[in-house]
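Chemist: give me coordinates for this.
(2 chains)
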Amino acid sequence: MLKKEFSIIYSVLIFLGTLFMIFYLFYPVLFKKGTIPIKLGLDLRYGIHLMLEVYDPKLKQLSSTEMQQIINILEKRLNPTGTQEIVVQQAGNNRIIVEIPEVVDTNDAIEKVTKVGKLEFKVEEYDPTTGSVYKKTVLTGDSIIRASVEFSPNSGQPYVSFSLDPKGAKIFEDITRQYLDKPIYIYFDNKEISAPVVRSVITGGSGIIELGYDQDKEKVLKEAKDLAIYLNAGKLQYPPKVLEAYTIGPSLGEKHLKKSLIAGIIALFVVCIFMVIFYKFPGLLADFALVSYTALFLTIISVSNTVLTLGSIAGIILSIGMAVDANIIIFERLKEEIRDNKPLNTAIDLAFKRSFDTILDSHLTTIIAALILMIFGTSVIQGFGFALLWGNVISFFTAIYITKSFMYLAFYYNPKLIEIR
Amino acid sequence: MSFITELNIMDIILFLIFIGVSFYLSFITKKFQEKGFNLIKNSKIILNIVLIYSVILLSIILYSIFSLKIVNMLGIDFIGGTLTEVAFKDNIDNAKIIDIYKKYNKDKELIIQEVILPSSEYKRIVVLKTKPMDELEKNKINKDLESIGGIIRRSENISSSISKQTLNNAFIALFIALIAQVIYIAFRFGNNILYGVIADIALLHDVIVMLGIYVILGLSGFAGFEINSIFLAAVLTVVGYSVMDTIIIFDRIRENIKIELNTNNEINLGKFDDLVNKSVVQTITRSVFTTLTVLLTLFGIIFLGGETLRSFSIALAIGTFSGAFSSIFIAAPLVSIFKAKILPKDIKNIKQEEQEVKPIFVPSDISSIFAHQEELPQEIIQQKDDLQTHHDDQLSDLSKTNLKNKKSVLDRYKLKKKK
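Modeler: Residues are numbered from 1 along each chain as shown, chains lettered A, B, ... in the order given. As a prediction, this is how the structure comes out:
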């Protein structure tokens, strides 16, 4: 039994909350400031999805730091400016997922991803035959054993320390002696990334590269890290193998979004009409609960930065149909209790109380299925399972409690409206 | 309203027809519930029909497995391979497509499938499948397809090493899901295992129907009807949904047994059929309505949501429909057929439960205390209503099996009455 004051307070809060969520979701569209603030997956735009596998033929397995290095290198290659929305993430022990939106040519991406990184140390040399200065490769990345960012104990400035194998150390000693106070150019995939000036002869194969004294320590640190990644990149000797490649063309991606949106809105609308036809005013209350549910679900997706895929849209639409299930169970109970000539408030109370177990049952069986989908599924199915799981959890509350508040509000002001038979 | 032009007029008409049929079915169900019907009397005929088509569908499934035709239906995520979905604005001949694949010596393994009901701007949409190939070679083929006017909508290339793993995971998932539902059923009907067995039979029926119809559609050559991880997701969802529908009818049967025992103190086997029938009548609106609301949303995806999700939603729709059908027309009749085994155990269980709680006198209706309602002041009427509510709460709580709850609620009840 819900007291009159509470039914008013709850109903007003629910109403305002729903309005607020709808406003939050749609104000960018209404004021032409952009689109609904929800991140879209690749299948709802267009682009390339690659699944790569990397392993050392000898060791079979790479350590997690090595994997991280490879991911860093791939990110640098695909997204040199860091401004594009490219996803490079580890999946499993030795797999990497790469997602590049709004590109359809896989050739370019696959070439960038699968070729071995080429790191070169070059020096300027005068060519007497042509009379011009060219850059000569003196050492390659193969010789680098390790590179890492370290900090000077005195000034706290970051620098990159590196060590070379014996053969490389010998060459490097000669070079640094010859090019003292001159720059050595470091090239990665034929692009200059740094040109440190040799300050002293480096013997024994380990040296450091200082990055100068900038006011902005963060910037220097980032440069140091980048440089270390590049120096290590010479070790990317195992070209990733493409296990899986998807391309979603622009004629499909955007249509997916548009069509599934239309399907969702029409489905919501038809279910709402269904409820009003068969349950009259209480059906209308259930419809409001359904709209609140949809708004709440989308808001949660937006706020939690979850990426919306085609699979999750299917899950959301399906859960709209399932969400009214709880209301149908409650209303059918209500009818029975009213037919038994119970007073209306008792009937409402009993309807909610007696249908609770049934509702819990019906949600639990679906939640079990959704959980298994989320754990074992591939990405499309995980999206579907995710939407089904959260759709069921959220609708469990909205269908029961939102409808309950409104039912009591109606009971106190116009009980005739909810006397369904 | 630009989107209307993008939809196929056939889609819209079919959508409206299905919506109309759904609403019509709902009205009929409501009428039936009001008039009452005798399902159990005709249960033998119904069960025989079910048996006949289940056997037919099962033999089709087995035939497709043993003739290895089912291999053609396995999705590339399960067996590896390439898939290209190409849309054409004009009617293009299959020979032109085959010519392209011939150039790369891939025409032998090429499978061409038609996408049903393409959107109006394209004349044809086809799905082309081959064994896994080099990604660069695939790009060349795609360029060639574009040169004959094709628009590449989707292109997938999956190596067999990853597909093996996906297939493994899929089987593990299906296995765990079935085990989980069987455990759940056993947990719910632990004291009378026959209920669980019947729920499992209904579940098996749903899986057979879903897979059978899907195999028929797939072997007819329609694109998208593949046995892949997406289809498996549909099966897992239906498994959950079907079990729940059955549980709701069984719960009602047990509730009615309790009510009958409380009023008449005994049930004979002859009466049990009526009791099962009554339970179905009481729950049929709920079963049909919730199934139809889910179907309404699925019709939205099937007819208006584009081609990619179509086969998935059709599988879900078949399964959802079958789930409701099996709980009404298979599970309930089976309970009445096995009544000689089910009922005595149920009665024993319920009596045991009641003996565990010391019976406390609870009047069936408090209104006798307030016989002269008209003469009472308004406040008292309100108080009476509240008391009735509370009273009914106790009744509903009594029906629960949890002993602890019962005792504490009864204690509260005594306190309230004294006050």
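Chemist: where are the low-confidence patches of chain B?
Modeler: B:1-7, B:116-120, B:223, B:354-419 (pLDDT under 70).
Chemist: figure out how far the lengthiest helix in chain B is from the centre of its chain.
Modeler: Longest helix in chain B by number of residues (criterion: DSSP state H): helix B:229-264. Per Cα atoms, centre = their mean, to the nearest Å, the displacement of helix B:229-264 from the mean C-alpha position of its chain is 11 Å.
Chemist: isn't residue B:98 up against residue B:107?
Modeler: Yes: using Cβ atoms under 8 Å, residue B:98 is in contact with residue B:107, at 5.2 Å. (Glycine included, C-beta is placed from N, CA and C.)
Chemist: helix or strand right after the longest helix of chain B?
Modeler: The helix or strand immediately downstream of helix B:229-264 is helix B:269-299, counting by DSSP states H and E.
Chemist: right, is that following helix up against chain A?
Modeler: Yes: for helix B:269-299 and chain A, the contact criterion (Cβ under 8 Å from any Cβ of the partner chain) is met by B:282-283, B:285-286, B:289-290, B:292-299.
Chemist: in a strand, residue A:34, correct?
Modeler: No: using DSSP: H, G, I helix; E, B strand; the rest coil, the assignment for residue A:34 is coil, not a strand.
Chemist: residues in contact with the residue nearest to it when sequence neighbours are not counted?
Modeler: Spatially, and ignoring its direct neighbours in sequence, residue A:34 is nearest to residue A:28 (4.2 Å; Cβ to Cβ, 6 or more residues apart in numbering or on different chains). By Cβ atoms under 8 Å, 6 or more residues apart in numbering or on different chains, the contact list for residue A:28 reads A:34-37.
Chemist: go on, residue A:383?
Modeler: Counting by Cβ under 8 Å, 6+ apart, residue A:383 makes contact with A:41, A:308-312, A:315.
Chemist: if we go to 6 Å?
Modeler: A:309, A:311-312 (Cβ atoms under 6 Å, 6 or more residues apart in numbering or on different chains).
Chemist: ok, so of those, who is nearest residue B:64?
Modeler: Nearest to residue B:64, judged by Cβ to Cβ, of the contacts of residue A:383 is residue A:311 at 26.9 Å.
Chemist: now find how far off-centre the one helix or strand residue A:227 maps to is within its chain.
Modeler: Using DSSP H and E, the element containing residue A:227 is helix A:217-233. The chain centre lies 26 Å from the centre of helix A:217-233; the measure is Cα atoms, centre = their mean.
Chemist: adjacent strands (with direction) for the helix or strand following it?
Modeler: For helix A:217-233, the following helix or strand on the C-terminal side (DSSP H and E) is strand A:241-248. Take DSSP bridges as the rule and strand A:241-248 pairs in its sheet with strand A:47-53 (antiparallel), strand B:150-158 (antiparallel).
Chemist: let's see the first one as CSV, backbone CA atoms only.
Modeler: This points to strand A:47-53. Provided in CSV are the C-alpha atoms of strand A:47-53 (Å, rounded to 0.1, in the frame of the first residue of the first chain):
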residue,chain,number,x,y,z
GLY,A,47,35.0,0.9,-41.6
ILE,A,48,37.4,-1.9,-41.2
HIS,A,49,37.7,-4.5,-38.4
LEU,A,50,40.9,-6.6,-38.2
MET,A,51,41.8,-9.4,-35.9
LEU,A,52,45.6,-10.0,-35.8
GLU,A,53,47.6,-12.7,-34.3
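Chemist: identify all contacting residues around it.
Modeler: A:42, A:94-103, A:106, A:109, A:240-247.
Chemist: for PyMOL, write the select line for the buried members of those residues.
Modeler: Of the contacts of strand A:47-53, the buried ones go into a single PyMOL selection, burial set by 16 or more other Cβ atoms under 10 Å in any protein chain shown:
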select buried, chain A and resi 42+94+95+96+97+98+99+100+101+106+109+240+242+243+244+245+246+247
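Chemist: tell me how many other residues crowd the nearest residue to residue A:298 once chain neighbours are set aside.
Modeler: Closest residue in space to residue A:298, ignoring its immediate chain neighbours: residue A:25 at 5.6 Å, by Cβ to Cβ, 6+ apart. The number of residues packed near residue A:25 is 18, by other Cβ atoms under 10 Å in any protein chain shown.
Chemist: tell me which element residue A:25 falls in.
Modeler: Per DSSP H and E: helix A:4-30 holds residue A:25.
Chemist: now that helix: buried residues?
Modeler: A:7-8, A:10-11, A:14, A:18, A:21-22, A:24-25.
Chemist: name all residues that make contact with the most centrally placed residue in chain A.
Modeler: Among the residues of chain A, the one closest to the centroid is residue A:307, at 5.2 Å (Cα atoms, centre = their mean). Neighbouring residues of residue A:307 by Cβ under 6 Å, 6+ apart: A:39, A:41.
Chemist: any idea how far it lies from residue B:102?
Modeler: Using Cβ to Cβ, to the nearest Å, one gets 40 Å for the distance from residue A:307 to residue B:102.
Chemist: got any ranges where chain A has weak pLDDT?
Modeler: For chain A (pLDDT under 70), the answer is A:57-60, A:80-83, A:115-117, A:212-215, A:233-238, A:379.
Chemist: same for the longest helix belonging to chain A, what does it pack against?
Modeler: Ranked by number of residues, the top helix in chain A under DSSP H is helix A:250-303. Contacts defined by 3 or more Cβ pairs under 6 Å, 6 or more residues apart in numbering or on different chains; DSSP states H and E place helix A:250-303 against helix A:4-30, helix A:310-339, helix A:379-397, helix A:403-413, strand B:150-158, helix B:269-299.
Chemist: looking at these, which is buried most?
Modeler: Most buried of those by mean neighbour count (mean count of other Cβ atoms under 10 Å in any protein chain shown) is helix A:310-339; its value is a mean of 25.
Chemist: and it with chain B, contact?
Modeler: Yes: Helix A:310-339 is in contact with chain B by Cβ under 6 Å from any Cβ of the partner chain, via A:314, A:317, A:320-322, A:324-325, A:328-329, A:332.
Chemist: spatially central, which residue of chain B would that be?
Modeler: residue B:320 (3.0 Å).
Chemist: how about residues contacting stretch A:316-324?
Modeler: Outside stretch A:316-324, the residues that reach it (Cβ under 6 Å, 6+ apart) are A:264, A:267-268, A:271, A:286, A:290, A:293, A:387, A:391, A:395, A:399, B:293-294, B:297, B:301.
Chemist: of the contacts of residue A:28 - the most surrounded one?
Modeler: Neighbour max across the contacts of residue A:28 (other Cβ under 10 Å) = residue A:37, 17 neighbours.
Chemist: would CSV of the residues of helix A:310-339 next to chain B with distance to residue B:200 be doable?
Modeler: Putting those into CSV (distance: Cβ to Cβ, whole Å) gives the following:
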residue, distance to residue B:200
A:314, 28
A:317, 29
A:320, 29
A:321, 25
A:322, 23
A:324, 28
A:325, 22
A:328, 26
A:329, 24
A:332, 26
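Chemist: that older thread, centre of the chain versus the longest helix of chain A, how much separation?
Modeler: 24 Å.
Chemist: show residues contacting stretch B:58-73.
Modeler: B:208, B:211-212, B:215, B:218-219, B:226-227.
Chemist: next one: that stretch to chain centre, how far?
Modeler: With Cα atoms, centre = their mean, you get 24 Å for stretch B:58-73.
Chemist: what residues go with each domain of chain A?
Modeler: Domain ranges of chain A: A:4-41+A:251-418, A:46-114, A:119-233, per automatic domain parsing.
Chemist: which parts of the stretch 1-150 of chain B are strands?
Modeler: B:81-88, B:111-114, B:124-130, B:150-158 (DSSP state E, counting those that start in this stretch).
Chemist: could you dump the ones you listed into CSV and include distance to residue B:38?
Modeler: Converted to CSV, the strands of the stretch 1-150 of chain B look like this (distance: least, Cβ to Cβ, whole Å):
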stretch, distance to residue B:38
strand B:81-88, 51
strand B:111-114, 46
strand B:124-130, 49
strand B:150-158, 52
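Chemist: of all the ones you listed, which one is nearest residue A:121?
Modeler: So among the strands of the stretch 1-150 of chain B, strand B:150-158 is nearest, using Cβ to Cβ, at 37.7 Å.
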